[in-house]
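> For reference, the sequence and a predicted model appear below.
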Amino acid sequence: MARYVANRLAQAIMLLVIVSAIGFAILHLAPGGPLSQFAASAQMTQEDLDRVTRQLGLDRSLPIQYLDWFGRMLRGDWGRSYRDGEPVLAVISSHLGATLELMATATIIAVLLGCWIGVLGALRRYSLFDSLATVGAMIALSIPTFWFGLVTIYVFSVKLGWLPAGNRQTVGDGSLLDLLHHLIAPALVLALVETAMWGRFMRSSMLEVINQDYIRTARAKGMPEWRILTVHALRNALLPMITVGGLQFPTLLGGALVAETVFTWPGMGRLFLDSIGYRDYPVVMGILMFSAIMVLIGSLLADILYAVVDPRIRVG
Amino acid sequence: MADDTGKFGVGALHLGNPNRRQIFQLGAGAAAGWTLSGHAFAQTERPTNPPDKPRGQVIAALSQEPTVFHPLMPGIEVDQGIWWQVFSPLWFIDPDGKFVPDLAREVPTIENGGLSADGLTWKIKLRSDVKWHDGTAFTAEDVKFSLELINNPDFRARSRVGHSLVKDIKVVAPDEIHWRMEAPYSPYMSILGSLTFIVPKHILEKVTDPNASPFHNAPVGTGPFRWGERVPGDHIQLNAHAGYHGKGPYVERVVFKYIPDLTVLYTQFRTGQVDYTGLQGILPNFVQEAKTLKGRKIFVSSTSSVEHIAPNLEFGALADRTVREALYLAINKQAIIDALNYGLPTQTESFVPQQAWSFQQGLPQHKYDPAKANTLLDAAGWVRGSGGVREKSGVKLEFTNSTTSGNAVREQTQQLLIQDWRAIGAAMRVNNMPAAVIWGDFWQQSKFNSVIVGVNFMLGSDPDVTPRFGSGAIPAKGGRGYNTYQYRNPEADRLLAEGAKQFDLAQRKTTYGNLQKLIRDDLAILPLFQGFIAEGVKEGLQGFRPNINMSINCWNIREWYWA
């Protein structure tokens, strides 16, 4: 097991180096730059722009800039944001809480609701419920999150006035109730696609399990149906879902990016969009590396967990 | 002036050639033939009976996030929204175009001895009752430190235009400072008044890196509001500064909410979550509906920005003035204003906003006349070739037009232009790019054929456009400005040099009037309209005064209060 984990870790580090090099090159080779936002300003002349470019070290060659950045990153210095001068790690951590809050809530909703729909759909295959769940999932997967978010705001905020039209909290009100009130709409919007995915995966997994011989054997032995479902079927059907869960991070992050924009949620997704727009290289690279690390950790944990749960993997 | 609907009718604002009485009314500076002239613009809801002490809060929504809080570093318009609340300049420019003393006791003029007749010696008397937010007294040392910091080679200063001419700064008393200018430069008055905030010496002299210190994220100023808290990506809270030396503030705190999507921003204004829609304001397509909202007031006001087609004057057919004139004649400008911009902007022929003292009346007015455009091109030897596109001496009348992708109105404008210009045998293709791309080297190094862009040509309220139209300011030719049009005209250079060293208002008006005529005759730019902004304010919130001399209309939140 230790060798397995060590191998996976070595692969992960190699991947991080590759991701950083490709990400750095793409970001810096893209046209435009962090100073282009000042081009239309009546204040800065080309001479000023050139001076600031030199002061930021952006006039150096790309490999030198990369090596400098990479070296400092290894020493724990992820650089400073070009926009507000704050250390990148501080910038990321100041947005991380909001995103985790949104992602965790959406994940809880999606897992509980998705698994329930998936299991019920598998057990009542081709029933009205299953058909509705299938159609519903297709619709949910097809609806653009941005559009769904705007519709939610229009219905529940503008028309009904039940939910706030955005923001994480009311200014000056830090209560849990206020936070939850603001969380409902973005979490539900973000959970929509996730629920559909979990539902579809769970249905497939459950269908595969309930047609296995050992389920038939259990039924033949006269085991109660609820026990067959919970102890034998559900437990085994949940196994592949570990992998699904481990790989959900990028999808969730992508969804959060949109939901955070629509609901003015001050999280990482919006930070990422803003930073790209401003060509804030240190922050974009920081988020890229952070996301890559999270994805690799998620994937690694899923693999290890799978190996723990299913001894055949370890042996293989 | 605002009319009943809250719209500022530009027609009512034309000052034209100011009469003697108007010039006389320009205040102390005008007496020296210096200060910018006044315009009865946007005098809306001046506080008449504000509360005795700060009460309530204002939530101001901004579509961009303020991130630069050191007011001397590179920042964009939205950052100025914070700077105006936290810091103070020596003087500021009010909506009428007048310089109003702030940290200075009076605006220096030749009359009051603050300025020498040759414009080289400046003597500034300062207020002695000003305190920094931490209680330290403000003195002339702070002004000296701020000016020296801008010129510090290690400091990432936003701009050194004008400041680099300042030499021999002497603090003669805690409330008086003198300096010498290396050369006369009249726009410096406006630069100091609208773009230069004074920072605290007692804090910043101790930092090891002037580009990164705790001050950058917890600034200390002398302005009406103290720094409160910042939740990155969400909001910034500023609290009333009880010891503020000026009028106000009348609210306990101001919260700047960052709402990047303009539709979402408008929705939150509509649902009452925000009290004021700031920078970029309300999208034109929502303005009519917004005016019907109960408990909301909508103000449509002109800005200094001039929306125009920027030709690259060294590219193909666009280098030919006749071609530019024909293209200009063939633009259905009114359709762009009415159909695409809901009739909100005003047609213009100049790079100077129509409310400015320097605006030149009587410039040739644009007329939509495709027949005349065709005649001009025929006479100039531009012959229609295959596909109906004209050409002359092997040069085809075809070019690309670029603008920021995703800007729906500008993209629709391009579609109209394609149709208009096809009718006279000119072929235009669209080549749009994201903001971070188009305004980089593509724009700065004149790699475009033509661009649709809105530019504020003014330095505060000063019409000095040397960096925009001076022949030494072409970046693509190693110049130091941002003359990306690649405009070169010796007469323009002469006028620019003359205007920058003149200190007499009447003389300056003549100089910059001639320059406007020249730029219009040369069609260095094809102006479409003067920019506008629609802003919403909750009913009951008093004191909102759009200021065309500022980059942001929430410059005076210190005067706002709830009725």
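Good, I have the coordinates. Because the structure is predicted, anything quoted here is derived from the model rather than measured.
> and the residue of the stretch 151-300 of chain A found nearest chain B, which of the three is it?
Evaluated by CB to the nearest CB, the stretch 151-300 of chain A has residue A:266 as its residue closest to chain B, separated by 3.4 Å. Every residue, glycine included, has its C-beta placed from N, CA and C. Using DSSP: H, G, I helix; E, B strand; the rest coil, the structure places residue A:266 in coil.
> you'd agree it is up against residue A:182?
No - Residue A:266 is beyond contact range of residue A:182, at 11.0 Å (criterion: CB atoms under 8 Å).
> what is in contact with those two at once?
Common neighbours of residue A:266 and residue A:182 are listed as residue A:168 (criterion: CB atoms under 8 Å, 6 or more residues apart in numbering or on different chains).
> And the helices in chain A, which stretches?
Assigned by DSSP state H, the helices in chain A fall at A:2-29, A:46-55, A:62-74, A:88-123, A:128-142, A:145-152, A:176-210, A:213-220, A:225-227, A:235-246, A:248-262, A:268-277, A:281-309, A:311-315.
> And the stretch 151-300 of chain B, by the same measure?
According to DSSP state H, counting those that start in this stretch, the stretch 151-300 of chain B carries its helices in the segments B:188-194, B:201-204, B:262-270, B:284-291.
> mind listing what the residue of the stretch 151-300 of chain A closest to chain B touches?
Residues in contact with residue A:266, defined by CB under 8 Å, 6+ apart, are A:95, A:98, A:168, A:260, B:231-234, B:258.
> which of the helices of the stretch 151-300 of chain B sits most buried?
Mean neighbour count (mean count of other CB atoms under 10 Å in any protein chain shown) peaks for helix B:188-194 among the helices of the stretch 151-300 of chain B, with a mean of 25.
> Can you list the helices and strands that it packs against?
strand B:91-93 (3 or more CB pairs under 8 Å, 6 or more residues apart in numbering or on different chains; DSSP states H and E).
> Now do the same for the helix or strand just after the strand it packs on: mean pLDDT, whole number.
Sequence order places strand B:99-101 as the next helix or strand after strand B:91-93, per DSSP states H and E. The average pLDDT within strand B:99-101 is 96.
> Kindly export the helix or strand that comes right after strand B:99-101 (C-alpha atoms) in CSV.
Sequence order places strand B:121-125 as the next helix or strand after strand B:99-101, per DSSP H and E. Output of strand B:121-125 as CSV, limited to C-alpha atoms (Å, rounded to 0.1, in the frame of the first residue of the first chain):
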residue,chain,number,x,y,z
THR,B,121,7.4,79.3,-9.0
TRP,B,122,4.5,77.8,-7.0
LYS,B,123,3.8,78.8,-3.4
ILE,B,124,1.1,76.8,-1.7
LYS,B,125,-0.5,77.8,1.6
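> Below-threshold pLDDT in the chain: ranges please.
Since no chain was named, I'll use chain A. For chain A, the stretches flagged by pLDDT under 70 are A:40-42, A:311-316.
> Switch to chain B, please.
In chain B, residues with pLDDT under 70: B:1-48.
> biggest strand in it by residues?
Taking DSSP state E as the criterion, chain B has its longest strand at strand B:296-311.
> okay, the angle between it and helix B:284-291?
Relative orientation of strand B:296-311 and helix B:284-291, computed by axes from the mean of the first three to the mean of the last three CA atoms, to 10 degrees: 160 degrees.
> related to what we said a few turns ago, same list, the helices of the stretch 151-300 of chain B, but as JSON lines with distance to residue B:524 please.
As requested, the helices of the stretch 151-300 of chain B are exported to JSON lines (distance: least, CB to CB, whole Å):
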{"stretch": "helix B:188-194", "distance to residue B:524": "22"}
{"stretch": "helix B:201-204", "distance to residue B:524": "41"}
{"stretch": "helix B:262-270", "distance to residue B:524": "32"}
{"stretch": "helix B:284-291", "distance to residue B:524": "27"}
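> so which of those helices gets nearest residue B:530?
helix B:284-291 (14.3 Å; CB to CB).
> Check what contacts that closest one and list those residues.
Outside helix B:284-291, the residues touching it (CB under 8 Å, 6+ apart) are B:5-6, B:266, B:269-270, B:282, B:296, B:298, B:300, B:341-342, B:344, B:409, B:534, B:536.
> Looking at the residues you listed, which two lie furthest apart in space?
Between any two of the contacts of helix B:284-291 (CB to CB), the greatest distance is 22.9 Å, for B:296 and B:409.
> Please enumerate residues in contact with stretch B:159-178?
So stretch B:159-178 is contacted by A:43-45, A:47-48, B:105, B:121-128, B:137, B:139-141, B:143-144, B:147-148, B:150-151, B:157, B:179-183, B:185, B:187-188, B:191-192, B:195-196, B:459, B:467 (CB under 8 Å, 6+ apart).
> Show me which residues of the stretch 1-150 of chain B are close to chain A?
Neighbours of chain A within the stretch 1-150 of chain B, by CB under 8 Å from any CB of the partner chain: B:57, B:59, B:65, B:67-70, B:74, B:76.
> give me the number of residues near the residue nearest to residue A:214 when sequence neighbours are not counted?
In this structure, residue A:214 finds its nearest non-sequential neighbour in residue A:232, 6.7 Å apart by CB to CB, 6 or more residues apart in numbering or on different chains. Using other CB atoms under 10 Å in any protein chain shown, residue A:232 has 19 other residues around it.
> Likewise for residue A:61?
8.
> Also residue A:278?
25.
> what residues are up against it?
By CB under 8 Å, 6+ apart, the neighbours of residue A:278 are A:34, A:37, A:82-83, B:436.
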